Structure formats: C-alpha cells, structure tokens
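1. no letters, just coordinates:
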C-alpha cells in the first residue's frame, strides 16, 4: 500500500475517496492519510509482447467469436474488426473498453499485454495435435525400418556371386 499524507482538507476532497483511497484522521495533528492500492502486481507478470491486433485476435478466438459476431456486438463493420486485428487501425476508447468486457480480458492486457489474459483452449488442442504427429512419426519410423530391412536383403542377394 502507498500512503500519501495530505494536510489540506480541500485537496483531499479533490482527490476523493472514490478512487480507492482510505481516509484516516489523526486527532493530534488532524493529518489525513490516503492509502492507495498498489498496482505493482500487474507489472510482476510477464508482458505479452504481441501487438494490440494480435492480442485482440487471440482473445476473440478464445471467446469462440467470429469477426462478424464481434462486429455485430460492437456495432461496427466486420472489416473494421479485421483492420484492428491487422493493426491497420485502432478502436476508440469506449470500444476498447467494450472489447475487454466482451472478450473477458482486462483492459490493461488488451492495451499493454499485462493483466488478465484470455483462457486459451488451444493449449489442449495443441497437445492433441502434437500427440497425433508423434503417432504418425512413429508409424513412419516403423515403415522406414521395414524398408531398410528389404533394401539390405536385396543388397545381400545382389552381392552374392552368381551360381554357375
């Protein structure tokens, strides 16, 4: 928690308790103490270095929405959403806020890559895909072994001297 000491009641009224401040009055000095919530926790996370459009595209895919469905919910054209995802343009502030809510991600993640990211179901499907590829590779390995055996047998028969 950060603590800010303010002596002026008018200054504390301007800051207001509505921004997450707790006001404590000391009886001996009439000192007001404001405790601000510490936001260092989002900076302790590893930053997603993708672009805004890349993060938007991943969040949309994780929410199982098409560009057309998302555009209908936002009241824009599908080509506008595609332009955002390709980083050709950026949505306005109120649309970014709506995007974060619709896609169930934090505004800070969408804008800067820190905060609540989407839960991507692709990790589970990636494991399935890799498992299938491994099974195919094992099958190809077995077939290659059989082919090598046939070639060796053929070479052995060719290397034997012909019978007279």
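-> Arrived safely, thanks for sending. Quick caveat: nothing in here was measured; it's all calculated off a predicted structure.

2. could you pull out the strands for the chain?
-> For the chain, applying DSSP state E gives strands covering 2-6, 23-25, 32-36.

3. what about the lengthiest helix in the chain, average pLDDT?
-> In the chain, with assignment by DSSP state H, the single longest helix is helix 122-159. Average pLDDT, helix 122-159: 87.

4. stretch 74-83 too?
-> pLDDT averaged over stretch 74-83 gives 94.

5. how about residues contacting it?
-> 60, 67, 68, 70, 71, 89, 91, 95, 98, 99, 102 (C-beta atoms under 8 Å, 6 or more residues apart in numbering). The way it works is simple: take the backbone N, C-alpha and C, and place the C-beta from them, glycine included.

6. one more time with 7 Å, if that's ok
-> With contact meaning C-beta atoms under 7 Å, 6 or more residues apart in numbering, stretch 74-83 is reached by 67, 68, 70, 71, 89, 95, 98.

7. what's near enough to touch the first one?
-> The contact partners of residue 67, by C-beta under 7 Å, 6+ apart, come to 78, 81, 82.

8. equivalent analysis for the fourth one, please.
-> Neighbour list for residue 71: 77, 78, 80, 81 [criterion: C-beta under 7 Å, 6+ apart].

9. most neighbours among those residues, which one?
-> Neighbour tally across the contacts of residue 71 (other C-beta atoms under 10 Å): the maximum, 27 neighbours, falls on residue 81.

10. now that residue: how far from residue 112?
-> 20 Å (C-beta to C-beta, to the nearest Å).

11. quick revisit: would TSV of the contacts of residue 71 with distance to residue 56 be doable?
-> What follows is the contacts of residue 71, written out as TSV (distance: C-beta to C-beta, whole Å):
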residue	distance to residue 56
77	15
78	14
80	12
81	8
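
12. which among those residues gets closest to residue 117?
-> residue 81 (19.3 Å; C-beta to C-beta).

13. for residue 98, see how far away the closest one is.
-> For residue 81, the distance to residue 98 equals 12 Å [C-beta to C-beta].

14. now the longest helix of the chain: buried residues?
-> Residues of helix 122-159 classed as buried: none (neighbour count, 16 or more other C-beta atoms under 10 Å).

15. and that helix, what does it pack against?
-> Helices and strands in packing contact with helix 122-159 are not found; criterion 3 or more C-beta pairs under 7 Å, 6 or more residues apart in numbering; DSSP states H and E.

16. I'm done for today, thanks for sticking with me.
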